[in-house]
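Participant: coords below, sequence missing:
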């Protein structure tokens, strides 16, 4: 059936203060032809959510719910970036928010409901302080109620942060930066239906307390939606009771034992799949191909009922203590780990748990490899990325190769944020890091395999993480009629598909870094949340032990194939000195050293290159330039002018000093031109800076300190002579790199132009 709009034709607004923040919901002003439409507001952030529904397509065997969250940057008073000044394909943020809206709503519809439902959401005003994602989740629930769809809601959604141990309700963007928790929880009036959270190694007890606090705040969000219905003049919300197809019981009575044996067959996932297919073919032949069969029993109906019976027999077996693969409720599948498996990646690992296999690689880059992220909030860059891919062959299927879907982006984001908290600070390890998890086999919880594989790969790459991170998924089968429930450690595909819960928990030995709850029932209680966190902690420690048997700690050195990267801090006022007029100085430094130089406004200079010596040389030059002349330091300068009394040598851009003729050599120097010419490189040591900031340099002291043989040192007679093959007179004694053939005209004799003769050496 088609649901007509029940949105009121006049504006209606309700508001409530929740945790010190005022949230309002308005309906009846915008999008009045939608089945339900609201504007949810916090501060100056306003998100518009609209829901419509219509007849489902023939033959659908799933609920066709579509959720799209899109950000239009006009909401923040911005233009889209790039050449095309219009929003395009959804960003990662938009996809993840669409999933956040979808996940708590989908299980609250009947499994037999097949109408098309579309929810569209997005900010129409953005203050860049309050995020629109949770507001859109609240709005989605409200619009489903306004549209009078058979939804087991309403649900409340809330975000909590934590600063100095105090929970913050609906934290701002700035508060989240200082928070050690980012937690989103969705609830009905009695149960929790979705969790998405990330913490800085929070103990299980503290995470549990935060989840329960969020559940209580959600009751206020739910009450606000009931107020909206009342203000709009709509009848009170009543939950719908669904009646299952009677064909299910007929199949169970006739083939239940056979189906149960097929789903518990020993062997691999493929073996159980083949046995189940054989049982299905016999059921189909019995009900659809035998003479005198009921024409109302179609193959599609049999297929749906058979799937329901598969679910029933698996759940009954698990409740009786028998998992499909024979393990106990707390047992992990066998785990094996390898590192250093790919010769050209900077780090690589294979993490195998049962029939789930993740190949994870790590590549290290420079600041130029950072990902720039723009949207309605403030633009920022990311130095760590974790991408997740799962090709169809991982589950033995044939599918076209497309770009990453919502599931892949969601799994990658979960793994990325679960690992990000243990990465070193930027000033300690300035590399940009990219991990890629390729799932080569999948039979349960590949996202948590990605967390484990990423940890191993990062350690193999020499990234000094603070602690290894492991992840595990806990499943649930419960029978509300009898009150029985079983928690399942390390679920496989069938337990995920037919069970009630996929509760992923990642963390270190100290606490939780990432948590995600997805349900297929109408919610779980506080007791199950607590029990799950405890069971996940036990499994995580066991997984971490298995991981550390392959590599105990990060490697001492990064791969020889990775770029060499250094960071130094200079005075921001000296940035112009390093860059030089028109970029002349920085280009010259890059040409001389082969290093790439990036300078931030804060004065952080990042130097990178494949040659470590060149990177270090660039660092030394920049430090010398920005620190000023340091007495006692040796500089590699260039002769800028020659006088009778000595040579002026530029040791820093725009800064030179005098090498008196007596400081040119241990031997006798008749004329300065016997030692050097304008433009020659010269190694010198700063020996003094006088009251007038004039720098005094010594070539002979620098050569003596570096152990360089001076060809002129043996000249004790008058007149002197120029060293053969000149260069700068440094010779080939090593270390300075100077002393090649100069070529050109012979040295000038007699007084040099441009000034009186200075004092001569006795």
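Facilitator: Cool, the structure landed. Please read all numbers here as calculations on a predicted model, not as lab measurements.
Participant: for residue 311, see how far away the closest residue to residue 305 other than its chain neighbours is.
Facilitator: Once flanking residues are discounted, residue 305 sits nearest to residue 247: 4.3 Å by CB to CB, 6 or more residues apart in numbering. Just so you know, the C-beta spots here come from the backbone N, C-alpha and C atoms, and that holds for glycine as well. Distance, residue 247 to residue 311, using CB to CB, to the nearest Å: 14 Å.
Participant: likewise for residue 104?
Facilitator: 21 Å.
Participant: of the two, which one has the most company?
Facilitator: residue 104 (29 against 19; other CB atoms under 10 Å).
Participant: so what does whichever helix or strand that one is part of touch, helix or strand wise?
Facilitator: Using DSSP states H and E, residue 104 sits within helix 92-105. If you count contacts as 3 or more CB pairs under 8 Å, 6 or more residues apart in numbering; DSSP states H and E, helix 92-105 packs onto strand 65-69, strand 116-125, helix 133-146, strand 181-187, strand 192-202, helix 406-420.
Participant: so what's the residue nearest to residue 305 scoring on pLDDT?
Facilitator: At residue 247, the model reports a pLDDT of 87.
Participant: that one and residue 300 touch, don't they?
Facilitator: No - using CB atoms under 8 Å, residue 247 and residue 300 do not qualify as a contacting pair, with a distance of 11.2 Å.
Participant: of the two, who's got more company?
Facilitator: residue 247 (19 against 13).
Participant: quick one, what contacts the more buried one?
Facilitator: Neighbouring residues of residue 247 by CB atoms under 8 Å, 6 or more residues apart in numbering: 287, 297, 301, 302, 305.
Participant: state the distance from it to residue 283.
Facilitator: 10 Å.
Participant: now the helix holding residue 104 against strand 181-187, angle please.
Facilitator: 40 degrees (axes from the mean of the first three to the mean of the last three CA atoms, to 10 degrees).
Participant: what's the mean pLDDT across helix 92-105?
Facilitator: Rounded mean pLDDT across helix 92-105 is 96.
Participant: buried set for that helix?
Facilitator: 93-105 (16 or more other CB atoms under 10 Å).
Participant: what's the neighbour count on residue 260?
Facilitator: Around residue 260 there are 19 residues (other CB under 10 Å).
Participant: so it sits against residue 317, correct?
Facilitator: Yes - at 6.4 Å, residue 260 counts as touching residue 317 under the criterion of CB under 8 Å.
Participant: quick one: residue 144 and residue 151 touch, right?
Facilitator: Yes - with contact defined as CB under 8 Å, residue 144 reaches residue 151; the gap is 4.5 Å.
Participant: show me where pLDDT drops low in the stretch 101-250 of the chain?
Facilitator: 237, 239-242 (pLDDT under 70).
Participant: what about the strands in the stretch 551-700 of the chain?
Facilitator: Ranges of strands in the stretch 551-700 of the chain, per DSSP state E, counting those that start in this stretch, are 564-569, 596-599, 604-609, 634-643, 646-652, 655-660, 681-689, 695-698.
Participant: revised request: answer the last question for the stretch 301-450 of the chain.
Facilitator: Using DSSP E, counting those that start in this stretch, strands in the stretch 301-450 of the chain cover 335-339, 347-353, 356-365, 371-373, 380-382, 384-389, 432-441.
Participant: orientation of the first one relative to strand 356-365 in degrees?
Facilitator: Think strand 335-339. 20 degrees.
Participant: rewinding a little: tabulate the strands of the stretch 551-700 of the chain (TSV), appending mean pLDDT, distance to residue 511 and mean neighbour count.
Facilitator: Output for the strands of the stretch 551-700 of the chain, formatted as TSV (pLDDT from 0 to 100; distance: least, CB to CB, whole Å; neighbours: other CB atoms under 10 Å):
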stretch	mean pLDDT	distance to residue 511	mean neighbour count
strand 564-569	88	30	17
strand 596-599	90	36	18
strand 604-609	89	31	23
strand 634-643	92	51	19
strand 646-652	92	50	22
strand 655-660	92	53	21
strand 681-689	93	53	20
strand 695-698	95	56	23
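Participant: name the nearest residue to residue 160, sequence neighbours excluded.
Facilitator: Nearest one to residue 160, counting by CB to CB, 6+ apart, is residue 183 at 4.7 Å.
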